[in-house]
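**Q** Have a look at this fold, sequence not included:
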């Protein structure tokens, strides 16, 4: 079921073949939650030492692998956009079972906002050719914008199946369930589609030592914007950071115990005194 | 004067009125809704300074896919020549905002707590890195799209209510080929409580409940609060995923966040640390959530929450 993303199906377009799938999974390298995260000159500081694969992207890799398992032949490609340390996120995906990686790295992407990042990601997906599904985590745990999956779907002109806690596919049709705003929604769309998953969508597999070693020999292509047919002017950010400052630490709690059975009453008194009732 | 469009997907709730209050800093406020509103809703908008309300005529295209709503809203913003398009921040509206920004080729600000014009461009501030940093951003495009964090400001009426001009606006909207909403089931238990992402008070509870949320619901109902939980409890199947507060759940920033039986894993804290007042109830005085709280009770949550609910009822009866 090779199909074309973005309507660029040229003479190289493959015939539809039942049971074959190519799935792109987008991954992001983010600062560890417990590291000293900071801004410098209006940008988030990135480093190899304190970085990790965005945790919910492990669920995305797992979902991509699971989608592929339904096909007789599947290829899962991990794609990332980011500076040199970002390749670690791709390596992690390869350890979990992705077949190859694509790392978009370019000085013009430093400080890229949602729009610029999406333009680069979409170009990377298009460069792969015919793709059946693009899978992502529901949000990056550093920025928490949760908008790139929607932007990517818009940019690629594909249906979006986002914030999914259940994903299933059969005969080229994907069905997802999602809980939003006090309701459970079930959406269905033919592939190709953009799918984003939550951290309850599945249990990501833990790579074994053998798989970790095997991942070392998997191919990761490093490409620049020019390699993707983009000029620096094509990936201009539409937002700028004017200012970033560290907030003062909280003072620490006023602590009471319930040893005397008065804890609940003291809690109520606090809420009343603070004008919160 | 610049025009600021505020999107509302139904009757104006508190979050929308907060966005309207902020929108007045940017320009003349036009509310855009997917369907006509009742006269009471229109009057409410007038009290908060909305000058015009338009509902979208899409020629029968359903307004449920974020892509379709986002495209319709972008078309409306273009026709209204809006400098800013504002939505309240929830999962659904952030998706709509992304599509709107895509169609307008506009800069997108997510989860801002204030709004202003910076050299004629939409600008706003947001918290970053689990609430430990404040950042201020501006769009560089003529139009800007922003989602506004609920509870960041108090909704304030204008001194003199406005007579709202209402009307329809014909817009283009398209659902991506083959995409279909198969079903939508509203969760019963939540309907009486405010939506979690927008609630002024959130009572959240974690593993310390051992699955018994009765005392949690009791206190939440006394406070008029939404109920939240942790990833562990969702994994256990105790509450659905849309009750999960945290980095892979709902981000909340209420006026009061009360966390009971929650130790405070980084994932959870990342989704609530922008809350104004934080109260913790935990048997462990050294739990991270206790350490970051303004007020904490060390004790068993079942009795503390039940006693607190009782004391608040008594207080209300006396006053």
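**A** Ah, there it is. Owing to the predicted nature of the structure, the values given are computational and were not obtained by experimental measurement. Numbers count the residues shown, from 1 in each chain, chains lettered A, B, ... in the order given.
**Q** Could you use CA atoms for every contact and neighbour count after this?
**A** Will do.
**Q** And the helices in the stretch 101-250 of chain B, which stretches?
**A** With helices called from DSSP state H, counting those that start in this stretch, the stretch 101-250 of chain B shows them at B:214-223, B:231-235.
**Q** helices and strands around the last one, which ones?
**A** This points to helix B:231-235. Taking 3 or more Cα pairs under 8 Å, 6 or more residues apart in numbering or on different chains; DSSP states H and E as contact, there are no helices or strands that helix B:231-235 lies on.
**Q** Parallel or antiparallel, which strands does the following helix or strand past that helix pair with?
**A** Note on helix B:231-235: by DSSP states H and E, the next helix or strand toward the C-terminus is strand B:256-260. The strands that strand B:256-260 pairs with in its sheet are strand B:201-205 (parallel), strand B:277-282 (parallel) (by DSSP bridges).
**Q** What lies in contact with strand B:256-260?
**A** Here strand B:256-260 makes contact (Cα atoms under 8 Å, 6 or more residues apart in numbering or on different chains) with A:276, B:200-206, B:208-209, B:272, B:275-282, B:289, B:301.
**Q** Quickly list the domain ranges of chain B.
**A** B:3-170, B:188-318 (automatic domain parsing).
**Q** Which of those sits closest to residue B:180?
**A** Ranking those by their distance to residue B:180 (criterion: Cα to Cα) puts domain B:3-170 first, at 8.2 Å.
**Q** what about that closest one, distance to the chain center?
**A** 12 Å (Cα atoms, centre = their mean, to the nearest Å).
**Q** in the one helix or strand in chain B whose mean pLDDT sits lowest, what counts as buried?
**A** Across the helices and strands of chain B, the lowest-confidence element by mean pLDDT, DSSP states H and E is helix B:266-269, at a mean of 88. For helix B:266-269, a neighbour-count test (16 or more other Cα atoms under 10 Å in any protein chain shown) marks B:266, B:267, B:268, B:269 as buried.
**Q** Mind putting those into TSV with distance to residue A:179?
**A** Shown next, in TSV, are those (distance: Cα to Cα, whole Å):
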residue	distance to residue A:179
B:266	22
B:267	19
B:268	18
B:269	21
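**Q** do the least confident helix or strand of chain B and chain A meet at all?
**A** Yes - against chain A, helix B:266-269 shows contacts by Cα under 8 Å from any Cα of the partner chain at B:266, B:267.
**Q** Equivalent analysis for stretch B:128-135, please.
**A** Yes - for stretch B:128-135, a contact with chain A is found by Cα under 8 Å from any Cα, at B:128, B:129, B:131, B:132, B:133, B:134, B:135.
**Q** low-scoring pLDDT stretches of chain A, where are they?
**A** For chain A, the stretches with pLDDT under 70 are A:1-18, A:32-39, A:41-50, A:142-144.
**Q** what about residue 192, how many neighbours?
**A** Defaulting to chain A. Residues lying near residue A:192 (other Cα atoms under 10 Å in any protein chain shown) number 25.
**Q** The intended chain is chain B.
**A** Residue neighbour count, defined by other Cα under 10 Å, stands at 11 for residue B:192.
**Q** about what we covered before: in terms of mean pLDDT, which of the helices of the stretch 101-250 of chain B ranks lowest?
**A** Mean pLDDT values for the helices of the stretch 101-250 of chain B show the minimum at helix B:231-235, a mean of 91.
**Q** Residues contacting that one, please?
**A** With Cα under 8 Å, 6+ apart as the test, helix B:231-235 has contacts from A:200, B:206-207, B:211, B:239-241, B:243-246, B:249, B:268.
**Q** Try it again at 10 Å.
**A** A:199-200, B:205-211, B:237-249, B:262, B:265, B:267-268 (Cα atoms under 10 Å, 6 or more residues apart in numbering or on different chains).
**Q** Need the buried ones from those selected in ChimeraX.
**A** Applying 16+ other Cα under 10 Å to the contacts of helix B:231-235, the buried members can be selected in ChimeraX as follows:
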select /A:199,200 /B:205,206,207,208,209,238,239,240,241,242,243,244,245,246,247,248,249,262,267,268
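**Q** Minimum distance to residue A:178: which of the strands paired with strand B:256-260 has it?
**A** strand B:201-205 (21.0 Å).
**Q** so which helix or strand takes in residue A:127?
**A** helix A:114-128.
**Q** Off-centre distance for the following helix or strand past that helix?
**A** Helices and strands here follow DSSP H and E; after helix A:114-128, the next one along the chain is strand A:133-137. Centroid separation for strand A:133-137 versus its chain: 7 Å, with Cα atoms, centre = their mean.
**Q** neighbouring strands for strand A:133-137, and are they parallel or not?
**A** When DSSP bridges is applied, strand A:133-137 pairs with strand A:20-26 (parallel), strand A:193-197 (parallel).
**Q** Can you check the distance spanned by stretch A:212-219, start to finish?
**A** Criterion Cα to Cα, to the nearest Å; first-to-last residue distance in stretch A:212-219 is 14 Å.
**Q** Any chance of the helices of the stretch 101-250 of chain B in a markdown table with mean neighbour count and distance to residue A:26 as columns?
**A** A markdown table is the format used below for the helices of the stretch 101-250 of chain B (neighbours: other Cα atoms under 10 Å in any protein chain shown; distance: least, Cα to Cα, whole Å):
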| stretch | mean neighbour count | distance to residue A:26 |
| --- | --- | --- |
| helix B:214-223 | 19 | 38 |
| helix B:231-235 | 18 | 23 |
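**Q** possible to save those helices as a markdown table with distance to residue B:14?
**A** Shown next, in a markdown table, are the helices of the stretch 101-250 of chain B (distance: least, Cα to Cα, whole Å):
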| stretch | distance to residue B:14 |
| --- | --- |
| helix B:214-223 | 16 |
| helix B:231-235 | 27 |
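**Q** Going by neighbour count, list what's buried in whatever helix or strand residue A:60 lives in.
**A** Taking DSSP H and E as the definition, residue A:60 sits inside helix A:55-69. For helix A:55-69, burial by neighbour count (16+ other Cα under 10 Å) applies to A:55-65, A:67-68.
**Q** again, but for stretch B:31-50
**A** Buried, per 16+ other Cα under 10 Å, within stretch B:31-50: B:31-34, B:36-37, B:42-50.
**Q** Please flag which of these sit within strands.
**A** Taking DSSP state E as the definition of strands, the buried residues of stretch B:31-50 contribute B:31, B:32, B:33.
**Q** Residue B:70 is in contact with the last one, correct?
**A** This points to residue B:33. No - counting by Cα atoms under 10 Å, residue B:33 does not reach residue B:70; the two are 11.9 Å apart.
**Q** hmm, back to that, ok, which of the helices of the stretch 101-250 of chain B comes nearest residue A:154?
**A** helix B:231-235 (29.8 Å).
**Q** Any idea how far the closest one is from the middle of the chain?
**A** With Cα atoms, centre = their mean as the basis, helix B:231-235 stands 22 Å off its chain's centre.
**Q** picking up where we left off before, can you redo the strands paired with strand B:256-260 as a markdown table, where the extra columns are mean pLDDT?
**A** Converted to a markdown table, the strands paired with strand B:256-260 look like this (pLDDT from 0 to 100):
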| stretch | mean pLDDT |
| --- | --- |
| strand B:201-205 | 97 |
| strand B:277-282 | 96 |
